[in-house]
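Undergrad: I would like to see how this sequence folds:
(one chain, ligands or ions: 1)
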Amino acid sequence: MTETLVPPTATVGENTPLAILFDIAAAIAVPSEDEQRKDEQREEAVTAALHYLWNTYPDTLGKALNEEDWHGMPAVPGAGLEPSAVAFLGGGLWLHHTTDVDQSRDLLTLVAPCTCGNGYVDRLLDGEWELVWILTDLTATYGRFPHNTDRPHCMSIRRFRAWSDGRL
Ligand SMILES: [Zn+2]
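TA: Numbers count the residues shown, from 1 in each chain. Model (predicted):
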């Protein structure tokens with residue numbers, strides 16, 4: 001007995017159960033595996049940032065920021081970017097958290113406008129005492145890093161624009 005398998009055709013016929021099922025599936029729009037993976041990475045990035053703040057900055061950032069302050073971003077493999085999370089602090093200042101996978105350590109960066117008004121300065125933070133020291137300085141400049149004419153770090157604005165525009 002030879003039963004030939006019907007080859008796939010372009011249409012599934014109108015009002016067939018399969019056509020109805022295809023319509024239902026399209027309406028529910030189950031996220032693709034790729035979208036699900038990105039959502040998981042966003043959530044994990046926020047969780048990682050929160051845990052790091054609670055453990056390493058319990059008396060400053062851990063008190064000032066909540067889960068809803070953070071926005072998780074998926075990895076961008078082509079750009080070599082791991083999942084990360086950003087938090088807007090107000091006054092044009094941001095926190096950026098990611099993990100250095102190779103060295104398995106947390107990288108927390110404070111991003112603040114430069115006093116020259118032309119860009120942002122990013123400062124990798126190294127513990128609560130340093131943060132308090134930086135915040136004390138920033139208080140005097142209304143939340144802006146002093147422009148360094150010898151080595152203008154504010155040129156990094158383009159890098160931060162790239163991720164803040166495309167990945168938020
Ligand atoms: Zn500057």
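
Undergrad: the nearest residue to residue 105 once chain neighbours are set aside bridge partners, please.
TA: Among residues not flanking residue 105 along the chain, residue 99 sits closest, at 7.2 Å (C-beta to C-beta, 6 or more residues apart in numbering). Heads up, the C-betas are built off the backbone N, CA and C, glycines and all. In this entry, residue 99 is beta-bridged to residue 106, by DSSP bridges.

Undergrad: could you do residue 111 as well?
TA: With DSSP bridges as the criterion, residue 111 is bridged to residue 94, residue 122.

Undergrad: give me the neighbour count for it.
TA: Neighbour count for residue 111, taken as other C-beta atoms under 10 Å: 21.

Undergrad: got it, and the one 5 residues further on?
TA: For residue 116, the number of neighbouring residues by other C-beta under 10 Å comes to 15.

Undergrad: next up, the contacts around the nearest residue to residue 100 once chain neighbours are set aside.
TA: Distance criterion C-beta to C-beta, 6+ apart; nearest residue to residue 100, sequence neighbours excluded, is residue 107 at 5.5 Å. Residues near residue 107 by C-beta atoms under 8 Å, 6 or more residues apart in numbering: 97, 98, 99, 100, 124.

Undergrad: surely residue 87 forms part of a strand?
TA: Yes. Using DSSP: H, G, I helix; E, B strand; the rest coil, the assignment for residue 87 is a strand.

Undergrad: pretty sure it contacts residue 66?
TA: No. Counting by C-beta atoms under 8 Å, residue 87 stays clear of residue 66, with 9.3 Å between them.

Undergrad: between the two, which one's more packed in?
TA: More neighbours surround residue 87 than the other of residue 87 and residue 66, with 22 against 10 (other C-beta under 10 Å).

Undergrad: bridging residues for the most centrally placed residue in the chain?
TA: For the chain, residue 73 is the residue whose C-alpha lies nearest the centre (C-alpha atoms, centre = their mean; 3.0 Å). Following DSSP bridges, residue 73 is listed with bridge partners residue 84.
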